[in-house]
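K.L.:
sequence first, predicted coordinates after that:
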Amino acid sequence: MTGQEIIRFEHVRLGYGRKVVLPDVTFAIRAGEFFGVVGPNGAGKTTLLRAILGTLKPQAGTLSARNAAGSPIRWGYVPQRDAIDSVLPFTALDVVMMGRYHRVGPVRLPGKNDRAAALRSMEHVGVEGLGGRVFRDLSGGQKQRVLIARALASEPDVLVLDEPANGMDLASRVAMLDLIDALHERDRLTVIMVSHQLDDVANLAQQIALVERDFFQVGPLADVLTPANLSALYRVPMHVEHVTGRTVVTVGGRDERR
C-alpha cells in the first residue's frame, strides 16, 4: 500500500552544460511504491537516476525529495556490481559497513552498534556467512546481495537499485528479483529499480517510467507498458503477453516468432 508523495519532479529539464538529455519530466513517487525505470541504452536512465539521488541538479523546473516525516530522504543506493573497486581487498563485511559511514560521520569510527547493524543487514539478505570473504572473490549473486546489505545498513527510506540482475544466470536472477520483491512487500520499502530487462520490471513495478528524450512517459504499469508504447520506444515491434500469471515482453512480429 502506497502513502504520500515523497519525490516530485515538476517540469524538470535534465542535462549537462548545453546538452539537454530529458527536456520535460513530471512525475511523483509515493512512499511504499515500487517504481521501475526502463529505456534503451543512452536514453537517459542514468541521468534520471542521478537527479533522483540528488547528484545532478535540474537545469529548470522543481524537484523535491522528502520522506514522510518531511526530512531529507535517506537513500540506500545499490550500484552495479563493478562499481566497487575489485583491486582493493575489501571483505564482504567491509563493504556492508560502508553503508554506515554517513550515520557515523567524518570524525568517528564505526562502533559496535554499527557493526551489529551491518551484520543484521547481511543476515536479512542471506549472506551472514560471507563476512570474512574477500568481496572480489564472491559470485555475482553474492556480490549483489552484499551490496543490497550495504544499502540496508544505512536504514534507508528508499532503496535504489541500478541493474541489480544484470549478467546473472537464470536461477540467480530469479532469486535476486524474489529478494527485491520481498524487501518491498515485507519491509514496506519504497523501491526504485533501473533495468534494461523489461520482464523484470513488468513483474515487480507498480509505476514505470519509459525513458527517452522524445518519448518520456510515466504512469501505472498497465497503462504505460503497452505494445504501442514499447514499439515506439525501441523502434521494433514489441508485444506484452501474460503467461501463467507472469508478464512477458517479446520482440518481433507475431509471424517472426512462430
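P.N.:
Ah, there it is. What you see is a predicted model; the values in this text were computed from it and never measured.
K.L.:
tell me where the stretch 101-250 of the chain has strands.
P.N.:
158-162, 190-194, 207-210, 217-220, 238-243, 246-251 (DSSP state E, counting those that start in this stretch).
K.L.:
using CSV, lay out the ones you listed together with mean neighbour count.
P.N.:
In this view, the C-beta of every residue, glycine as well, is placed from N, C-alpha and C. Below are those laid out as CSV (neighbours: other Cβ atoms under 10 Å):
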stretch, mean neighbour count
strand 158-162, 23
strand 190-194, 25
strand 207-210, 24
strand 217-220, 15
strand 238-243, 13
strand 246-251, 15
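K.L.:
identify whichever of those strands lies nearest to A171.
P.N.:
strand 246-251 (16.1 Å; Cβ to Cβ).
K.L.:
ok and that closest one relative to strand 238-243, angle-wise?
P.N.:
Angle, strand 246-251 to strand 238-243, by axes from the mean of the first three to the mean of the last three Cα atoms, to 10 degrees: 150 degrees.
K.L.:
would you mind listing the buried residues in the lengthiest helix in the chain?
P.N.:
Determined from DSSP state H, the single longest helix within the chain is helix 170-185. Of all the residues in helix 170-185, those buried under the rule 16 or more other Cβ atoms under 10 Å are S172, R173, A175, M176, L177, L179, I180, L183, H184.
K.L.:
quick check, nearest of these to A202?
P.N.:
Using Cβ to Cβ, L177 comes nearest to A202 of those, at 11.1 Å.
K.L.:
got a pLDDT number for that closest one?
P.N.:
Model confidence at L177, given as pLDDT, is 94.
K.L.:
hang on, it packs against A202?
P.N.:
No. Contact criterion Cβ atoms under 8 Å: L177 and A202 do not qualify, at 11.1 Å.
K.L.:
where does the chain dip in pLDDT?
P.N.:
Scanning the chain for pLDDT under 70 picks out 1, 83-87, 103-109, 253-258.
K.L.:
which SS class is A43?
P.N.:
coil (DSSP: H, G, I helix; E, B strand; the rest coil).
K.L.:
what's the local residue count around it?
P.N.:
Using other Cβ atoms under 10 Å, A43 has 22 neighbouring residues.
K.L.:
tell me who's in contact with R115.
P.N.:
Neighbouring residues of R115 by Cβ atoms under 8 Å, 6 or more residues apart in numbering: M97.
K.L.:
and the gap between it and A175?
P.N.:
27 Å (Cβ to Cβ, to the nearest Å).
K.L.:
next: T190.
P.N.:
With distances taken as Cβ to Cβ, T190 is found 22 Å from A175.
K.L.:
and T26, its phi and psi?
P.N.:
phi -130, psi 120 (degrees, to the nearest 10).
K.L.:
quick one, domains of this structure?
P.N.:
Using automatic domain parsing, the domain parsing of the chain gives 1-73+157-224, 83-155.
K.L.:
those: which one's closest to Y234?
P.N.:
domain 1-73+157-224 (6.2 Å).
K.L.:
tell me where the chain has helices.
P.N.:
Going by DSSP H, the chain shows helices at 45-53, 92-97, 101-104, 112-124, 140-153, 170-185, 198-202, 221-224, 227-234.
K.L.:
how about CSV for these, with distance to A31 added?
P.N.:
Listed next are those as CSV, based on distance: least, Cβ to Cβ, whole Å:
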stretch, distance to A31
helix 45-53, 14
helix 92-97, 25
helix 101-104, 21
helix 112-124, 20
helix 140-153, 17
helix 170-185, 12
helix 198-202, 20
helix 221-224, 18
helix 227-234, 27
